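[1] sequence unknown, structure follows:
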DNA sequence: TTATATTTTGCATTCGAAGTCATTATTAAG
DNA sequence: CTTAATAATGACTTCGAATGCAAAATATAA
């Protein structure tokens, strides 16, 4: 039957005894077609197995129906979930996700080259480092961008962010109320803007409480690096009473290292806080005190803003920030009174 | 400068003083162009900021340079990592990933409709339920498919799979050597083929050891469901000595439930095994004995096979199966000798 | 030098749907 | 039953790159 040839609108037109334009109109909404033709066309389309060719449509309409999502895999456990939510929301709005993985192999420039050629309707970039120069390229190519958890100075691009400051201040407040004095900050990888920000905010929050010169260790957001970092620190220092970690996974690493190799109980001897609100923080062995990013709202807003910018590119960039919600776990307690 | 109009090959041709064909040829490899024209064209292309329009190219060449990845989010913690690897491998081969999320909202048929219209070069379906009917549709549309961890009867589609049988038999072997007699099987969601398969294999492996009538509880692959299922079972039965779980996350749930609410120690009172090899199995509090899926090899093969099928569609479908690797954790021990 | 082979080049067409515009069919109003 | 207004239709063009083909330019051989 289907002799190796794709069925086109012309084929349908011929069989249905109408013009190609008529077929085209039937498959667009809000176009005037009589019920009679519509019926005829739909019937033969069904019979022949006709499906409009999205590529041809893209070429003429200049809308690809695709949104590029730039994804920085290394960063964080919650981003797969973010990706899934974004995809869901975009599908609902009839946009497909074209995925780009920003890793060591593929630099941002490579990805951008592809994005231009694919004529995507818009871009959502998750926690990727964008400077004003990159943003300008998007402006030139007239492709709207929304940054997820990443701001660029000068508000030249829209972004949706979790309010790291509020979250971290809240966590530090709790620790401070428990009279902790002896802190360690466990930061994320230096190339990550989010990591950078969280680390600085932790230091700032502590400074606000009059606590300065807080030691910092670095990890890469992974469990193993959390353990390693804490182990490193303990090799040459006495134990802190509180560790502020830049994400949950490292915090869990710290807890395990403390319990297994340092003979420290959590929270009796050591208080630990994280950030993100990954699923594992609820697991019984950890019950981490942390802040959960409102990814439902953030992803929804990212998509809404992007679609708005696609519809009205002249609209100004907007920034939306959400507070995270505190998860009161079981990893924070009164400072151990030693020394 | 860039007056709102995309630069086309015609623009470049005009400025460079050559024909559009010449410009086109410069941007394809293996086409005869003199060095002189190539240089001229590249220079003006660069000057004007010309980038070939991938959409127009797709239309004429009938290669979209995109592979659809169908992703069933619910299933499993390791799939985000699988997705990331697939994306990486496909990028290396110059194919982009067009992402489709199979969830309750979007049925397979919806997704397939989109896939036809987008003219993707091929499809990789992760643990999604495909029957022969769906496969035939792909045949009709002449789009190669590779199934990931899912086989269809009759070898009509290529697939790459983890050898669940070998893995589960190995785990059961270990439990059996520890003289366990009192088993519980914790199965995954009924709509998942992988879950179904793992459950049946566990029963089969146990039957091979002469152990029949093993009770089954059902979860949805999540931590919470693992806890719930074990709690349900314990409400009306005496404790088993071994639990065979259909994935790691549920296994971790079982461990926590056993420890927290049932007063059972793992592995002294209760042995637990999982499947997949997610990162968390190495966490100190769990150290789950499980089998790790060889996702590196599997994703590589999936991409290789797909590209082969794209290049030579007449090639027969192939099936490749890998054994998982045993992770000797600390959640299996001798059967408690009670009763 | 001429005849022949080879490489470059441009013209014209193609991919498949959508949009413009003029024409025809239909409906509503007078 | 006209006339005006509206709806439906088809012929033709467009989007932007790729490609078959023939003509032109160049290289090779005799």
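    In hand now; what should we look at? In this text, all values refer to a predicted model and were calculated from it rather than measured experimentally. Numbers count the residues shown, from 1 in each chain, chains lettered A, B, ... in the order given.
[2] all contacts plus neighbour counts: C-alpha atoms, from now on.
    OK.
[3] Report whether residue A:329 is found in a strand, as I expect.
    No - if the criterion is DSSP: H, G, I helix; E, B strand; the rest coil, then residue A:329 is coil and not within a strand.
[4] Let me see the contact set for it.
    A:282, A:287, A:288, A:289, A:290 (CA atoms under 8 Å, 6 or more residues apart in numbering or on different chains).
[5] Can you report how many residues lie near the third one?
    Residue neighbour count, defined by other CA atoms under 10 Å in any protein chain shown, stands at 30 for residue A:288.
[6] That one contacts residue A:272, correct?
    Yes - counting by CA atoms under 8 Å, residue A:288 touches residue A:272, with 7.4 Å between them.
[7] Now for these two: what residues contact both?
    Contacts common to residue A:288 and residue A:272, judged by CA under 8 Å, 6+ apart, are A:251, A:331.
[8] about what we covered before: list only those of the contacts of residue A:329 flagged as buried.
    Taking 16 or more other CA atoms under 10 Å in any protein chain shown as the criterion, what is buried in these is A:282, A:287, A:288, A:289, A:290.
[9] Chain neighbours aside, what residue packs nearest to the fourth one?
    The spatially closest residue to residue A:289, leaving aside those adjacent along the chain, is residue A:329, at 4.0 Å (CA to CA, 6 or more residues apart in numbering or on different chains).
[10] Over to residue A:185: give its phi and psi.
    Phi and psi for residue A:185, reported as degrees, to the nearest 10, are phi -110, psi 130.
[11] residues in contact with it?
    Counted by CA under 8 Å, 6+ apart, residue A:185 has contacts A:199, A:202, A:203, A:214, A:215, A:216, A:217, A:243, A:244, A:245, A:246.
[12] Give the closest residue to the last one in space, chain neighbours not counted.
    Put plainly, it is residue A:246. Closest to residue A:246 by CA to CA, 6+ apart is residue A:187, at 5.2 Å.
[13] Count the residues that sit near the one you found.
    Residue A:187: 27 neighbours (other CA under 10 Å).
[14] my guess is it meets residue A:198, correct?
    Yes - proximity of residue A:187 to residue A:198 meets the contact threshold set by CA under 8 Å, at 7.5 Å.
[15] Quick one: residues contacting the residue nearest to residue A:301 when sequence neighbours are not counted.
    Among residues not flanking residue A:301 along the chain, residue A:160 sits closest, at 7.0 Å (CA to CA, 6+ apart). Contact analysis of residue A:160 by CA under 8 Å, 6+ apart lists A:146, A:147, A:148, A:149, A:150, A:298, A:301, A:302, A:319, A:320, A:321, A:322.
[16] Next one: the residue nearest to the spatial centre of chain A from residue B:262, what distance?
    Centroid-nearest residue in chain A: residue A:126, 4.1 Å away (criterion: CA atoms, centre = their mean). Separation of residue A:126 from residue B:262 (CA to CA, to the nearest Å) stands at 42 Å.
[17] tell me the contacts of residue A:150?
    Counting by CA under 8 Å, 6+ apart, residue A:150 has contacts A:126, A:127, A:128, A:129, A:159, A:160, A:161, A:193, A:194.
[18] Now for these, which sits with the most neighbours around it?
    The contacts of residue A:150, ranked by neighbours (other CA under 10 Å): first place residue A:159, 27 neighbours.
[19] hang on, it packs against residue A:319?
    Yes - counting by CA under 8 Å, residue A:159 touches residue A:319, with 4.9 Å between them.
[20] how much space between whichever residue of the stretch 201-339 of chain A sits closest to DNA strand C and residue A:298?
    Relative to DNA strand C, the nearest point of the stretch 201-339 of chain A is residue A:311 (14.2 Å; CA to the nearest atom of the strand). Using CA to CA, residue A:311 is found at 20 Å from residue A:298.
[21] which of the two has more neighbours?
    The residue with more neighbours, out of residue A:311 and residue A:298, is residue A:298; 23 against 12, by other CA under 10 Å.
[22] Contacts only, for the more buried one.
    By CA under 8 Å, 6+ apart, the neighbours of residue A:298 are A:160, A:161, A:162, A:322.
[23] what comes up buried for the helix or strand that it is a member of?
    Per DSSP states H and E: residue A:298 is located in helix A:295-311. By neighbour count with 16+ other CA under 10 Å, helix A:295-311 contains the buried residues A:295, A:298-307, A:309-310.
[24] One more: stretch A:186-202?
    In stretch A:186-202, counting by 16+ other CA under 10 Å, buried: A:186-189, A:192-195, A:197-199, A:201-202.
[25] Which of those residues fall within helices?
    A:193, A:194, A:195, A:197, A:198, A:199, A:201, A:202 (DSSP state H).
[26] could I get these as a markdown table with pLDDT and distance to DNA strand C?
    Shown next, in a markdown table, are these (pLDDT from 0 to 100; distance: CA to the nearest atom of the strand, whole Å):
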| residue | pLDDT | distance to DNA strand C |
| --- | --- | --- |
| A:193 | 85 | 41 |
| A:194 | 88 | 41 |
| A:195 | 90 | 44 |
| A:197 | 92 | 44 |
| A:198 | 95 | 46 |
| A:199 | 96 | 49 |
| A:201 | 97 | 49 |
| A:202 | 97 | 52 |
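[27] the strands in the stretch 101-250 of chain A, which residues?
    A:122-126, A:145-148, A:158-163, A:183-187, A:216-218, A:242-245 (DSSP state E, counting those that start in this stretch).
[28] most packed of those?
    strand A:242-245 (a mean of 28; mean count of other CA atoms under 10 Å in any protein chain shown).
[29] So what touches that strand?
    So strand A:242-245 is in contact with A:172, A:175, A:180-187, A:202, A:251, A:270-275, A:335, going by CA under 8 Å, 6+ apart.
[30] cool, and stretch A:168-183?
    Counting by CA under 8 Å, 6+ apart, A:198, A:201-202, A:205-206, A:209, A:211, A:214-215, A:240-244, A:271, A:273, A:275, A:290-291, A:326, A:332-335 sit against stretch A:168-183.
[31] Please indicate which of these are buried?
    A:198, A:201-202, A:205-206, A:211, A:240-244, A:271, A:273, A:275, A:290-291, A:326, A:332-335.
[32] sorry, back to before: can I assume the residue nearest to the centre of chain A is in contact with residue A:78?
    No - applying CA under 8 Å as the test, residue A:126 and residue A:78 come out as separate, 11.2 Å apart.
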